[in-house]
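**Student:** Just the structure for this:
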Amino acid sequence: MSEALLRVENLETAYGASQVLFGVSLEIRAGEVATLLGRNGMGKTTTVRSIFGLTPARGGAISFRGERIERRSADRIARMGLALVPEGRQIFPNLTVREHLVAFAENRSGAAEPWTLERVLAVFPALAARTENMGNQLSGGEQQMLAIGRALTTNPSLLVLDEATEGLAPLVREEIWRCLAALKAAGQTILVIDKYVERLVRIADRHTIIERGRVAWQGSSVELDADRGLWHRYLGV
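**Tutor:** Numbers count the residues shown, from 1 in each chain. Okay, here's the model as predicted:
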């Protein structure tokens, strides 16, 4: 069993006087696809924000590649090889597709075959015809593809997608699922937050369900697929 690439132990996070996370623990090993599941408002995005140093943890430990990172700044954490595709995509309206994919390019993981502009466009052919279009000229699906591509050009060791398919048309969602399956086959370590459990159990290796800021369940895709009661109890499916 390989060592954990990311390990979160007893994470506690609050916004002012309001505590949101109560002892959240999870780990992701290199090459795994993992998920963070739960209904809206249960603490999934706050967990991600704490991992990336955007909302500082008040307690617990976060380790990446064996190094403690919970007291590091967001830019230092990103340069260690973590990349976030944020909820809402956060595409720059006044940058072209090409500029998005070139401006942030860096081989942070030292990959032998790094993600480049050309490689991203090969994975997302819809973007290849829009390279000179501004961010605000793209559809929601194209913006999501661009957000994933932008994160990939940093060549992260861990790619995190927050609400990966939120608000997308069914055909576009299928494109995102196809991309995630291809990334997994290429050995990319991924953490996904999404609500489409029936698709996630086909792609992911392990799952963590959060309920009111606490870990309610953890297990494999086989276990989650076999217990549909969990879907109804914690996910509203």
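**Student:** pull the CA atoms of stretch 145-154 into PDB?
**Tutor:** Taking Å, rounded to 0.1, in the frame of the first residue of the first chain, the C-alpha atoms of stretch 145-154 are listed here in PDB:
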ATOM      1  CA  MET A 145     -13.200  22.600 -19.800                       C
ATOM      2  CA  LEU A 146     -10.900  25.600 -19.700                       C
ATOM      3  CA  ALA A 147     -10.800  25.600 -15.900                       C
ATOM      4  CA  ILE A 148      -9.700  22.000 -15.900                       C
ATOM      5  CA  GLY A 149      -7.200  22.600 -18.700                       C
ATOM      6  CA  ARG A 150      -5.800  25.600 -16.800                       C
ATOM      7  CA  ALA A 151      -5.300  23.500 -13.700                       C
ATOM      8  CA  LEU A 152      -3.700  20.700 -15.700                       C
ATOM      9  CA  THR A 153      -1.100  23.000 -17.300                       C
ATOM     10  CA  THR A 154       0.400  23.500 -13.800                       C
END
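**Student:** Residues contacting it from elsewhere in the structure, which ones?
**Tutor:** 78, 83-86, 89-91, 97, 100-102, 104-106, 108, 115-117, 120-121, 123-124, 126-127, 135, 138, 159, 161, 175-176, 179 (Cβ atoms under 8 Å, 6 or more residues apart in numbering). (Each C-beta comes from the backbone N, C-alpha and C, glycine too.)
**Student:** next one: stretch 229-237
**Tutor:** 37-39, 195, 197-198, 209, 211, 216-217, 224, 228.
**Student:** Below-threshold pLDDT in this protein: ranges please.
**Tutor:** The model of the chain has pLDDT under 70 over residues 1-2, 237.
**Student:** ok, for D205, nearest residue in space, not its chain neighbours?
**Tutor:** Closest residue to D205 apart from its sequence neighbours, by Cβ to Cβ, 6 or more residues apart in numbering: E32 at 4.7 Å.
**Student:** Pretty sure the one you found sits against R206.
**Tutor:** Yes - contact criterion Cβ atoms under 8 Å: E32 and R206 qualify, at 6.5 Å.
**Student:** before we move on, back to that, restricted to buried residues, select the contacts of stretch 145-154 in PyMOL.
**Tutor:** Those of the contacts of stretch 145-154 that count as buried under 16 or more other Cβ atoms under 10 Å are selected in PyMOL with:
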select buried, resi 78+83+84+85+86+89+91+97+100+101+105+108+115+116+117+120+121+123+124+127+135+138+159+161+175+176+179
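**Student:** Tell me how many other residues crowd the spatially closest residue to R65 that is not a sequence neighbour.
**Tutor:** Spatial nearest neighbour of R65, excluding adjacent residues (Cβ to Cβ, 6+ apart): L5 at 6.4 Å. As a burial measure, L5 scores 22 neighbours (other Cβ atoms under 10 Å).
**Student:** Please identify which helix or strand holds L5.
**Tutor:** Counting by DSSP states H and E, the secondary-structure element that holds L5 is strand 4-15.
**Student:** quick one: buried residues of that strand?
**Tutor:** 4-8, 11-14.
**Student:** Export these to CSV and append columns for distance to S63.
**Tutor:** Below are the buried residues of strand 4-15 laid out as CSV (distance: Cβ to Cβ, whole Å):
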residue, distance to S63
A4, 8
L5, 9
L6, 7
R7, 5
V8, 8
L11, 11
E12, 16
T13, 16
A14, 21
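**Student:** does R49 count as helix, strand or coil?
**Tutor:** Classification of R49 using DSSP: H, G, I helix; E, B strand; the rest coil returns helix.
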